[in-house]
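Participant: let me see the structure of the following:
(one chain, ligands or ions: 1)
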Amino acid sequence: MEYIRFEKHDFAAVLTIDRQQALNALNSQVIEELDKAIDGLNFDEIRVLIVTGAGEKAFAAGADIGEMASMTREEARAFGRRGNEVFRKLETLPVPVIAAVNGYALGGGCELALACDIRIASENAVFAQPEVSLGITAGFGGTQRLPRLIGPGKAKELLYTASRIKAGEALSLGLVNAVYPREELLSQCLKLAEKIAANAPIAVRATKKAINEGIGKEMNLAIEVEAVQFAGCFETRDQLNAMTAFIEKRKAGPFMNK
Ligand code: DAK
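Facilitator: Numbering: from 1, shown residues only. From the prediction side, this is the model:
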């Protein structure tokens, strides 16, 4: 792959978008390579995925403006659909995904972070949905995921004004979960991944599924989504071992993903 790097750290994997000459802007090739890289992940080994950008300036400075500039409506529809398919794949991966936002997360870059489960930012991170300043709407889910995450009022303000916000404001809006100095970002994300990976993988995956599938549903139906995932954890070796350990006053784990 030309633009995606893969690294494995114990139970976590890191996918890095590396197109630094364009501040990791998402062109069609990056989107296709991201898709292939996701398809190549082995979830028997990986319990958490981290997505980040290469270099010190950008997570991803948006969809590639040079590529979009001359698109017809038909081409734009295909580009948007393809990006959305890949982002949705990321969002619905069986394991949690952490965005390590190491700089500019603009437009499609912000939307990539929004498709992840958790966003951790470096102090130099900058977020925006500047599409209306380029004569278009957000196209990789921004008008849908941003209001769901931070509420429609603030999301509309960001989407209508194209304003940039810094990491501290993103934190206060709930757009990111934590902010760290740039040099600590990846190690803090790996620490968080390790904490997640120390829990029963089947239960963590079921929790992600319950949240993702239940969140748009009416509460009576949403509770049913949880009930299915909850029941599915029983009779697994990890559930039996962990509950037996509690009863016998022992520490649970290590979990086997069985
Ligand atoms: N696309 C292409 N190239 C980009 C880029 C981008 N989004 N962002 C930066 N680059 C390139 C620059 O052109 C420059 O290339 P060279 O001139 O060196 O060849 C290189 O990266 C370094 O950038 P700068 O020289 O500009 O660096 P600065 O530090 O001065 O400025 C900046 C950094 C991030 C403030 C600035 O580069 C900037 O404003 N970039 C554009 C940010 C932006 O507006 N992003 C949002 C793009 S819109 C849809 C699907 C998707 C979308 C919408 C619709 N459907 C099909 C419906 C998504 C839209 C977007 O993401």
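Participant: residues contacting L114?
Facilitator: 141-142, 145-146, 149 (C-beta atoms under 8 Å, 6 or more residues apart in numbering). (C-beta placed from N, C-alpha, C; glycine too.)
Participant: how about a cut-off of 10 Å?
Facilitator: Contacts for L114 (C-beta atoms under 10 Å, 6 or more residues apart in numbering) come out as 87, 91, 99, 105, 127, 129, 138, 140-142, 144-146, 148-150, 175.
Participant: give me the buried subset of those.
Facilitator: Buried members of the contacts of L114, scored by 16 or more other C-beta atoms under 10 Å, are 87, 91, 99, 105, 127, 129, 138, 140-142, 145-146, 149-150, 175.
Participant: near the ligand, which residues of the stretch 1-150 of the chain show up?
Facilitator: Counting by C-beta under 6 Å from any ligand atom, the residues of the stretch 1-150 of the chain lying close to the ligand are 22-23, 25, 61-66, 76, 79-80, 83, 104, 106-108, 130-131, 134, 136, 138-140.
Participant: my guess is E131 meets T161, correct?
Facilitator: No. E131 is beyond contact range of T161, at 11.5 Å (criterion: C-beta atoms under 10 Å).
Participant: between the two, who's got more neighbours?
Facilitator: E131 (23 against 13; other C-beta atoms under 10 Å).
Participant: wait, M71 touches L134, no?
Facilitator: No. Judged on C-beta under 10 Å, M71 makes no contact with L134 at a distance of 12.0 Å.
Participant: nearest residue to the residue most central in space within the chain in space, please, no chain neighbours.
Facilitator: By C-alpha atoms, centre = their mean, the chain has its centre lying nearest to C116, at 1.3 Å. Once flanking residues are discounted, C116 sits nearest to A99: 3.9 Å by C-beta to C-beta, 6 or more residues apart in numbering.
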